[in-house]
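**Q** I would like to see how this sequence folds:
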Amino acid sequence: MKKRILPSTENSNRRSETIDRLSTQQVVDLINSEDRLVAPAVGKERKNIARAVDMIVESFRNEGRLFYVGAGTSGRLGVLDASECPPTFGVRPTLVQGIIAGGRRALVRAVEGAEDYEKDGALAIIKKRVRKKDVVIGIAACGLTPFVRGALKQAAKVKAGTVLVTCAKNTAEHSPVQVVINPIVGPEVITGSTRMKSGTATKLVLNTLTTAAMIKMGKVYGNLMVDLNATNEKLRDRSIRIVSQLTGLSRTKAVRLLKEAQGKVKAAIVIHFRKVNFHQAVALLEQNNQSLRKAIKEIK
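**A** A predicted model of the protein is given here:
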């Protein structure tokens, strides 16, 4: 019988072999010391992350979509990142979507065996009608998840962009995708518990992918989220502060300007600096590919 090769994420961590004998403070300190290895590991993948960002931006500019595909922790992280894009950057919910093995029920409860079938991953991609201009990012800490593998194979068939985010070196080397993002965080404190360092690394990668892509798409001015969707009091207050900061207007006048701009921060700023009405402001943004910087032509 052929010996099964385990992914590197299943290796035992020698530093935590006696963790069950440590004091509470020592356990906390050990976990924290292992977590400190995550950010440098992600940093080593900066070039591959940038390549994936450029792929996503090209997709968005061609009216394509981004899909995250994963199971368990990986799937939940993909769904989380996708769900945070509309309020943060004002995009439609279908632009960035998360697909998790086992469906919505798997978000809050483990669905045993849902990740074990390649055909289910392929079917999920077919149901979403993934096309050539879309990008599919498979997330698999161990790199071997059949559901993710099936999804990526189906995405490749329709010539969509394909990316794999994994923390397992020995499986990443032979993955048939266009970009592999492979932060090697080392063995987990609890053997095989990839919700820990691997999950943290994955969250950092996904944050960077969508944030960088949205910046390149003109959703940010300076470091301000000028395309946010003000769906609650906190975000409404942030909208007012952004308009006030960029225009120099008082809070009262910023509120009035936002009302004129139908709550849209970018439109409000264009109205102020270009001395136009709301519809003209929207047209100016359209003419400049939604770039606020270009629409106001660096007017201070």
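**Q** going by C-alpha atoms from here, please, whenever you check contacts or count neighbours.
**A** Will do.
**Q** so where is the stretch 201-300 of the chain shaky, pLDDT-wise?
**A** 298-300 (pLDDT under 70).
**Q** try it again at 90.
**A** 228-232, 289-290, 297-300 (pLDDT under 90).
**Q** which residues of it fall in helices?
**A** Along the stretch 201-300 of the chain, the segments classed as helices by DSSP state H, counting those that start in this stretch run 233-247, 251-260, 265-274, 278-287, 292-295.
**Q** which parts of the third one are buried?
**A** Neighbour-count burial for helix 265-274, counted by 16 or more other CA atoms under 10 Å, picks out Val265, Lys266, Ala267, Ala268, Ile269, Val270, Ile271, His272, Phe273.
**Q** hmm, the fifth one is touching Gly248, no?
**A** No: in terms of CA atoms under 8 Å, Ile269 does not count as a neighbour of Gly248; the distance is 10.6 Å.
**Q** residues in contact with Ser8?
**A** By CA atoms under 8 Å, 6 or more residues apart in numbering, Ser8 lies in contact with Cys142, Ala168, Lys169, Asn170, Gly186, Pro187.
**Q** got the domain boundaries for this protein?
**A** Using automatic domain parsing, the domain parsing of the chain gives 10-216, 233-295.
**Q** centre of the chain to the first one, how far?
**A** Which is domain 10-216. Distance of domain 10-216 from its chain centroid, counting by CA atoms, centre = their mean, to the nearest Å, is 9 Å.
**Q** adjust the sequence numbering to begin at 408 for everything that follows.
**A** Sounds good: first residue 408 from here, last item domain 417-623.
**Q** tabulate the buried residues of helix 672-681 (CSV), appending distance to Tyr628.
**A** Output for the buried residues of helix 672-681, formatted as CSV (distance: CA to CA, whole Å):
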residue, distance to Tyr628
Val672, 11
Lys673, 9
Ala674, 13
Ala675, 13
Ile676, 11
Val677, 12
Ile678, 16
His679, 15
Phe680, 15
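**Q** what is the nearest of those to Thr638?
**A** Distance to Thr638 across the buried residues of helix 672-681 (CA to CA) is lowest for Val672, with 13.0 Å.
**Q** cool, thanks, signing off.
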